[in-house]
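S.K.: missing the sequence, but the structure's below:
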């Protein structure tokens, strides 16, 4: 924060909060960044202090000044409805911990049919073994999700935009319906982050991010976060602590470092992604671009109402072509790596097919599908690379 002025004296915009959040330089001898504490044991001055657990810290796994710095920064970014943030070892760990913190044996959970595949595997595997039933729902139901809520429905899990297929869900309508029937709402908010979508302000109870993506920003970090409102924070915190989950100090440091530049990186990812998406929309090889910030996208009106920005991740549907031709398109790319994850500085492209992983909706895009992440390279170079890919696709038809 600044030398003389506390950050809470006037309302600060998100970009400023990204820089100031979780920092107190003059509590650390004036150093700009908080120190990285590599600790396990915390010492007490007396036996009585130990038995009473007097002091701000008790054990390295349960929090340090380093972890508090990132938690505080994320809490500021999430907004006034955030009561606390749990740091987890990965995005999937954040999803599983969030679900386990609110569900009990015999409960029922509604999960979007367009959810991240590992989330689906966790529900169909671990939750099923624990006697928790999952029903997948059409992500476009909105308030009509009320018809699927059962007497034992404890939670509704939202991911918006949808993984791979980018459906935009009406989160406020779903939250209102869920709360009216006594259910709570979890959301995977990795695509927009709280910088572009303040999930807790929209009725979500637990907001989840894969910090591996845009918080880290450099493809060198595994991190997950769950932000909770006041009602659910005690249970989330107790679950994470009881399960012994924590993040190493160096990974927390990378998360803090990435957070400081996330605002400018996301703005660049957004601008570059939209330029490439609009260029792809005009290509004869492309039948559809799945990007909610495009005016003709089915989810654009909801995106425009609820979001303040977009990231660099979207998908395209190619016109009908043999699989070999679609693979030739990907194999010819030199600037787009073929690999999982996203949110780093580099551009990525992967083929995908949702046919076998949808149960509440039908996946029939009409052609091969490719997910793209637009990184921080020069956009004109990326477009030239895609042109090479399309030339290879044409040659392989």
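M.R.: Looks like it arrived, so ask away. Small disclaimer: the values here were computed from a predicted structure and weren't measured.
S.K.: Please count neighbours and contacts with C-alpha atoms only from this point.
M.R.: Noted.
S.K.: residue contacts, residue 345?
M.R.: Shown in contact with residue 345 (C-alpha atoms under 8 Å, 6 or more residues apart in numbering): 217, 218, 219, 375, 376, 377.
S.K.: Show me just the buried residues among those residues.
M.R.: 217, 218, 375, 376, 377 (16 or more other C-alpha atoms under 10 Å).
S.K.: can you give me phi and psi for the second one?
M.R.: Phi and psi for residue 218, reported as degrees, to the nearest 10, are phi -130, psi 20.
S.K.: Find the nearest non-adjacent residue to it, please.
M.R.: Take residue 218 and drop its neighbours on the chain: the residue closest to it by C-alpha to C-alpha, 6 or more residues apart in numbering is residue 344, 4.5 Å away.
S.K.: follow-up on the earlier one: and the contacts of residue 345, which two are the farthest apart?
M.R.: Farthest pair in the contacts of residue 345 (C-alpha to C-alpha) is 219 and 377. Separation: 14.8 Å.
S.K.: Of the buried ones among the contacts of residue 345, which is the nearest to residue 165?
M.R.: Distance to residue 165 across the buried ones among the contacts of residue 345 (C-alpha to C-alpha) is lowest for residue 375, with 19.2 Å.
S.K.: So that closest one versus residue 243, what's the distance?
M.R.: Distance of residue 375 to residue 243, computed by C-alpha to C-alpha, to the nearest Å: 36 Å.
S.K.: and what of residue 204?
M.R.: 24 Å.
S.K.: can you check residue 236 too?
M.R.: 11 Å.
S.K.: Who has more neighbours out of residue 204 and residue 243?
M.R.: For the pair residue 204 and residue 243, the greater number of neighbours falls to residue 204 (27 against 9), based on other C-alpha atoms under 10 Å.
S.K.: Spell out the residue ranges of the helices in the stretch 51-200 of the chain.
M.R.: 65-78, 91-102, 117-122, 128-129, 171-180, 193-196 (DSSP state H, counting those that start in this stretch).
S.K.: So for residue 389, which of those helices sits nearest?
M.R.: helix 117-122 (27.3 Å).
S.K.: That closest one: how far from the chain's middle?
M.R.: Distance of helix 117-122 from its chain centroid, counting by C-alpha atoms, centre = their mean, to the nearest Å, is 15 Å.
S.K.: again, but for stretch 86-93
M.R.: For stretch 86-93, the distance to the chain centre is 11 Å (C-alpha atoms, centre = their mean).
S.K.: Point out where the stretch 201-350 of the chain drops to low pLDDT.
M.R.: Counting by pLDDT under 70, the stretch 201-350 of the chain contains no low-confidence residues.
S.K.: And the strands in it, which stretches?
M.R.: With DSSP state E, counting those that start in this stretch as the criterion, the stretch 201-350 of the chain has strands at 206-210, 224-228, 286-290, 313-318, 348-352.
S.K.: if we can go back for a sec, and which of the buried ones among the contacts of residue 345 is nearest to residue 317?
M.R.: residue 375 (20.0 Å).
S.K.: does the closest one belong to a helix or a strand, and which?
M.R.: Residue 375 is part of no helix or strand, with elements assigned from DSSP states H and E.
S.K.: From residue 285, how far out is it?
M.R.: Distance of residue 375 to residue 285, given as C-alpha to C-alpha: 22 Å.
S.K.: do residue 196 as well
M.R.: 31 Å.
S.K.: List the buried residues for the longest helix belonging to the chain?
M.R.: With secondary structure taken from DSSP state H, the chain has its longest helix at helix 249-281. By neighbour count on 16+ other C-alpha under 10 Å, the buried set for helix 249-281 is 249, 251-263, 265-266, 268-274, 276-277, 280-281.
S.K.: How about stretch 176-194?
M.R.: 176-179, 181, 183-194.
S.K.: Name the residues that touch that stretch?
M.R.: 77-78, 95, 98-99, 143-146, 149, 153-161, 175, 197, 199, 203-211, 213-214, 307, 309-311, 313.
S.K.: which ones are touching the nearest residue in space to residue 168 that is not next to it in sequence?
M.R.: Leaving aside its sequence neighbours, residue 168 sits nearest to residue 161 (C-alpha to C-alpha, 6+ apart; 4.6 Å). Neighbouring residues of residue 161 by C-alpha under 8 Å, 6+ apart: 167, 168, 169, 191, 292.
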